[in-house]
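> kindly return the folded structure for what I paste below:
(chains A and B)
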Amino acid sequence: MSTEVENVEELTLKEYKYGFETDIETDVIPKGLNEEIIKLISSKKNEPEWMLEWRLKAYKHWLTIMDNEPSWANIKHPKVDFQDIIYYAAPKKKPELKSLDEVDPELLKTFEKLGISLQEQKRLTGVAVDAVFDSVSVTTTFQEELSKLGIIFCSMSEAIKNHPELVKKYLGSVVPYTDNYYAALNSAVFSDGSFCFIPKGVRCPMELSTYFRINTSGTGQFERTLLIADGGGYVSYLEGCTAPVRDENQLHAAVVELVAHDNATIKYSTVQNWYPGDKEGNGGIYNFVTKRGACRGVNSKITWTQVETGSAITWKYPSCILQGDNSIGEFYSVAVTNNKQQADTGTKMIHLGKNTKSTIVSKGISAGKSNNSYRGLVRVHKNAANARNFTQCDSLLIGDRCGAHTFPYIEVCNKTAKVEHEATTSKIGEDQLFYLRQRGISQEDAINMIVNGYCKDVFRELPMEFAVEAQKLLSISLEGSVG
Amino acid sequence: MDNTTIKEHYITEFRKAEENMNGEASTAFHLIRKNAIAKFDELGFPTAKNEDWRFTNVSPLFKFDFKKGNTVKLNNSDIEKYLINGLNENIIVFINGIYSVELSSIKKQDNGIVIDSLKNVLNTKPELVQNYIGKFAEIDNGFTALNTAFASEGIVIIIPDNLQVKGHIHLLYITGEEGKHVISQPRNLIVTGKNCRVNIIESYHSRTNEANLVNAVSEVVVGENSFVEIYRLQQENESSFHINRTQSILAASSTYTHYSVTLGGAIVRNDTNIKLNAENCTGNLYGLYLTEGSQHVDNHTLIDHAKPRCQSNEMYKGVLNDNSRGVFNGKVFVREDAQKTNAYQSNKAILLTSTAIIDTKPQLEIYADDVKCSHGAAIGQLDNEAVFYLRSRGIDEELARKVLIRAFANDIFETIANDIFHEHLNNLVFEKLK
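Purely as a prediction, here's the structure:
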């Protein structure tokens, strides 16, 4: 037992690997939120008039609900002071960059430290990366090669400038600004994000990737991602996030919208590793994110895969609206909480079309004094004949001061629907540990092996590069925990 | 009437009743009522904004002007149809919520066992119930508040240490008066000491076709090493409203089993909550609901594992026909110290038509690590191949469907220890499926 206790201590002392701050010149606007700030953000980004109007509409809506910050989730935090946040911070703008060589070397170093050397990535892995630093997109690799196929992959601000017709058509069509509190806020102040359009019949030959990083103190990050796969298109998209160590709480309120037309497939994978705060629960990121995909066309498919290890608080429900007949929605999630982290995450599967299918696999792991909740909704509408859902949500508890909760809502209005839900909660079995130990495997490795096995269903869905990273993250988070 | 005017209506009723009370208004028990009406004033009736009442809209009952009922003269032959042959050793009859001495019959029990109406107990020995009533059914919604504020009649069963009640106790609640919408608010209390045993059947019936409102609250205190079993049958007419709350608390090594069968009612809401408050207790909750027409049945359960080494089993099954709607919310709560908990929950429903709706939320909240908890929920329809199989053997479609529905409910039937009740329920199910 004593070694286990030491291990736990060791674990809590383990520092957040990505917690450095980059000393880089940034262009920061004053704190606070009002119409002037929104106009300022819009003008800094040279946005057209329609975009500003949309932002202001969202802001006006937000004002009406400003005092009703959602409180239904199983999380506790002091009220966020929205006037105490810097809504825009960008690395000092030099004239538009022509190539990667012109990027500030400090910035490149930062990304290298994060393990995403853009140069290297470009050469070795063939993953196209869009890196978002604080609020703006700093570089997008492989743009040219992708454009040969007709694929548009760029920052949101570029898309607003260069492809306004697409942005106008799709922005807010899946997550309208009236959707929820944070979506309204994001719509008003979003600073940048990624945009991707896959034309008809094109299979994107490489993984697309975005890397988000909050650097400046006191800033919030509000990125907006929009991904469209036209008829028959295919894209696999990766997203990763980090932030420096600070004793203040920073807000991250992003919106991600996916649209899949007939026969299109979108895979969206996230490894979320925002700074989780120290072991006393000081600091850390509030991750309040709205992610939703619409399977608009027949036979379309959207897969969400997420590995959530960071953030002080996670509030996130990547969802699928299954409108097209035969469309498929999938959600695979591993959520790990330790120390005083809180996670309330899950999904919504809305079955509207005929023969729609959805699969939910959620694996929660709670350790320390953390609380981990799964909250999900499966709704089968009247006309969704032959809808099928399978849900499995398992929780693993490590230590006796943590909590694991499940709040699944199942609403069925069609008799041909088949809906199944299974949930279990348990700790790592002593017999399993004993079995591995007697074969000469150390306590730590044994726990790692069991936890990895427990999460296998989800890791299998991740692209290779991410699966490796996710496994590493998991072992860092849980090394030596009591079984 | 809307929510506020109806609230005012009941508060005025309370004041009126208070004025006619004479001496009773100054008793300690009345203080509980007073606190409850204040709480009711604060809470009002639940609305869809309340998460626990999200799927159950109670506003249809505001349309009726419910009045307190009078006792109606009934003969033994009138109630015979409600009795279960073989389980009728002790019969206690409430008509419109009022205890009927003539129709009730109680076997001679061991000294010390109390089986009496709440009204009698309050008149003769109020100290018997003083420490229990209102201590367990916490007032967290308007209905419980209203019941507590008007608590005056119901059953009191008190069993001292080491005694068993002879025979079954059948509590019969018959509601209805011609040309009137009756409100009845029974308040029941069951308390056992150590090493006791009692088997109870509760059944609810309508005399007339009018819409009535039954708002019942029961508190059950199970003593150490005791065994309490309750079979609850709700068979009222399909225009009536039925709100029920059963709150149980278990002491060490005790076993509590509760069956909730809902066949009638327009809007039915059952809150069945148990608290496993000491080590080694077992709580079993079983439920079966068959609905048709535009019935609405909402089952909320809460199993609170407060202490280590307890176990709970929960299984609810529903069959929904026509435009009916079912709601199931099962919460299992495992507290920080409740290690070695075993909690099993399952909820299954069949939709027979495409206009029936089911909303299910099996919920686990767990704060201890050395536990085994699982829940499962499934929603589907009758298997056409199984229907075909039976039909190919010369069974007509209607019977084939009935047989399959009965087979679906079999998991519940298997757990019923009492053969007579098993048979009785079997008949009720087939009758309902006609």
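
> for the rest of this, base every contact and every neighbour count on C-alpha atoms.
Noted.

> tell me which residue lies nearest the centroid of chain A.
In chain A, the C-alpha closest to the average C-alpha coordinate belongs to A:T270, at a distance of 5.1 Å (CA atoms, centre = their mean).

> where in the chain is pLDDT low?
All of this is about chain A. Per-residue confidence of chain A (counting by pLDDT under 70) places the weak regions at A:1-26, A:90-141, A:212-219, A:241-248, A:465, A:475-483.

> not quite, I wanted chain B
Confidence mapping of chain B against pLDDT under 70 gives the ranges B:1.

> quick revisit: the residue nearest to the centre of chain A touches A:Q306, doesn't it?
Yes: here A:T270 lies in contact with A:Q306, judged by CA atoms under 8 Å, at a distance of 4.6 Å.

> what about the strands in the stretch 151-300 of chain A?
Per DSSP state E, counting those that start in this stretch, the stretch 151-300 of chain A carries strands over the ranges A:152-155, A:194-198, A:208-213, A:224-229, A:234-242, A:249-252, A:255-260, A:265-272, A:284-295.

> quick one: closest of these to chain B.
Nearest to chain B, of all those, is strand A:284-295, at 21.6 Å by CA to the nearest CA.

> name the nearest residue to the residue in the stretch 101-250 of chain B that chain A sits nearest to, ignoring sequence neighbours.
Closest to chain A within the stretch 101-250 of chain B is B:D140: 17.7 Å, counting by CA to the nearest CA. Sequence neighbours aside, B:L43 is the residue nearest to B:D140 in space, at 8.0 Å (criterion: CA to CA, 6 or more residues apart in numbering or on different chains).

> is the residue nearest to the centre of chain A in a bridge, and if so with what?
Following DSSP bridges, A:T270 is listed with bridge partners A:E239, A:Q306.

> need the contact list for it.
Residues in contact with A:T270, defined by CA atoms under 8 Å, 6 or more residues apart in numbering or on different chains, are A:L238, A:E239, A:G240, A:T305, A:Q306, A:V307, A:E308.

> ok, and the most crowded of the residues you listed?
Using other CA atoms under 10 Å in any protein chain shown as the neighbour criterion, A:V307 leads those with 28 neighbours.

> in the stretch 201-350 of chain B, what residue lies closest to chain A?
Counting by CA to the nearest CA, the stretch 201-350 of chain B gets nearest chain A through B:E336, at 6.8 Å.

> checking that residue next. Helix, strand or coil?
Each residue gets one of three states, and B:E336 gets coil by DSSP: H, G, I helix; E, B strand; the rest coil.

> OK, contacts around it?
B:E336 touches A:D400, A:R401, B:A306, B:I366, B:Y367, B:A368, counting by CA under 8 Å, 6+ apart.

> for B:I395, see how far away A:Q471 is.
When distance is defined by CA to CA, to the nearest Å, A:Q471 is 57 Å away from B:I395.

> likewise for A:F190?
Distance, A:F190 to B:I395, using CA to CA: 65 Å.

> ok, these two, which is more surrounded?
When A:F190 and B:I395 are compared for neighbours, A:F190 comes out ahead with 28 against 15, by other CA under 10 Å.

> with adjacent residues omitted, what lies nearest to that one?
The spatially closest residue to A:F190, leaving aside those adjacent along the chain, is A:F222, at 4.8 Å (CA to CA, 6+ apart).

> same deal with B:K107?
Using CA to CA, 6+ apart and skipping the chain neighbours, the partner closest in space to B:K107 is B:N90 (5.9 Å).

> before we move on, what about B:G97?
Leaving aside its chain neighbours, B:G97 sits nearest to B:S184 (5.1 Å; criterion: CA to CA, 6+ apart).

> show me what from the stretch 251-400 of chain B comes close to chain A.
B:336, B:350-381 (CA under 8 Å from any CA of the partner chain).

> if we use 6 Å, what do you get?
The stretch 251-400 of chain B has residues B:351, B:353-354, B:357-361, B:363-381 near chain A, with proximity defined as CA under 6 Å from any CA of the partner chain.

> select only the buried ones of the residues you listed in PyMOL?
The PyMOL command for the buried members of those (criterion: 16 or more other CA atoms under 10 Å in any protein chain shown) is given here:
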select buried, chain B and resi 351+353+354+357+358+359+360+361+363+364+365+366+367+368+369+370+371+372+373+374+375+376+377+378+379+380+381
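
> counting only strands, which of the residues of the stretch 251-400 of chain B next to chain A make the cut?
When these are checked against strands (DSSP state E), the matches are B:351, B:357-361, B:363-366, B:371-380.

> need the residues that contact stretch B:150-164.
B:113-119, B:186-197 (CA atoms under 6 Å, 6 or more residues apart in numbering or on different chains).

> switch the cut-off to 7 Å
With CA atoms under 7 Å, 6 or more residues apart in numbering or on different chains as the test, stretch B:150-164 has contacts from B:33, B:97-98, B:112-119, B:186-198.

> how about stretch B:294-309?
Defining contact as CA under 7 Å, 6+ apart, one finds that stretch B:294-309 is touched by B:56, B:238, B:265-280, B:323-335, B:337-341.

> do that again at 6 Å, thanks
Stretch B:294-309 is contacted from outside by B:266-280, B:323-335, B:338-341, using CA under 6 Å, 6+ apart.

> and those, which of them are buried?
Buried members of those, counted by 16+ other CA under 10 Å: B:266-280, B:323-335, B:338-341.

> buried residues, stretch B:116-127. List them.
If you call a residue buried by 16+ other CA under 10 Å, then stretch B:116-127 has these buried ones: B:D116, B:S117, B:L118, B:K119, B:N120, B:V121, B:L122, B:P126.

> can I get these in TSV with secondary structure and distance to B:F413?
What follows is the buried residues of stretch B:116-127, written out as TSV (DSSP: H, G, I helix; E, B strand; the rest coil; distance: CA to CA, whole Å):
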residue	secondary structure	distance to B:F413
B:D116	strand	31
B:S117	strand	32
B:L118	helix	33
B:K119	helix	36
B:N120	helix	37
B:V121	helix	36
B:L122	helix	38
B:P126	coil	39
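
> need those in JSON lines (columns: distance to B:E210).
Below are the buried residues of stretch B:116-127 laid out as JSON lines (distance: CA to CA, whole Å):
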{"residue": "B:D116", "distance to B:E210": "29"}
{"residue": "B:S117", "distance to B:E210": "26"}
{"residue": "B:L118", "distance to B:E210": "27"}
{"residue": "B:K119", "distance to B:E210": "27"}
{"residue": "B:N120", "distance to B:E210": "30"}
{"residue": "B:V121", "distance to B:E210": "32"}
{"residue": "B:L122", "distance to B:E210": "31"}
{"residue": "B:P126", "distance to B:E210": "35"}
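
> buried among the contacts of stretch B:150-164? Make that a PyMOL selection.
The command below creates a PyMOL selection of those among those that count as buried (16+ other CA under 10 Å):
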select buried, chain B and resi 33+97+98+113+114+115+116+117+118+119+186+187+188+189+190+191+192+193+194+195+196+197+198
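
> the contacts of stretch B:150-164 in strands, which ones?
Those of the contacts of stretch B:150-164 mapping onto strands are B:98, B:114-117, B:187-192, B:197-198, per DSSP E.

> farthest pair within these?
Among the ones in strands among the contacts of stretch B:150-164, the pair separated by the greatest distance (CA to CA) is B:I98 and B:R197, at 26.6 Å.

> what's around residue 184, how many residues?
Since no chain was named, I'll use chain A. 27.

> hmm, no, I was thinking of chain B.
Using other CA under 10 Å, the number of residues around B:S184 comes to 28.
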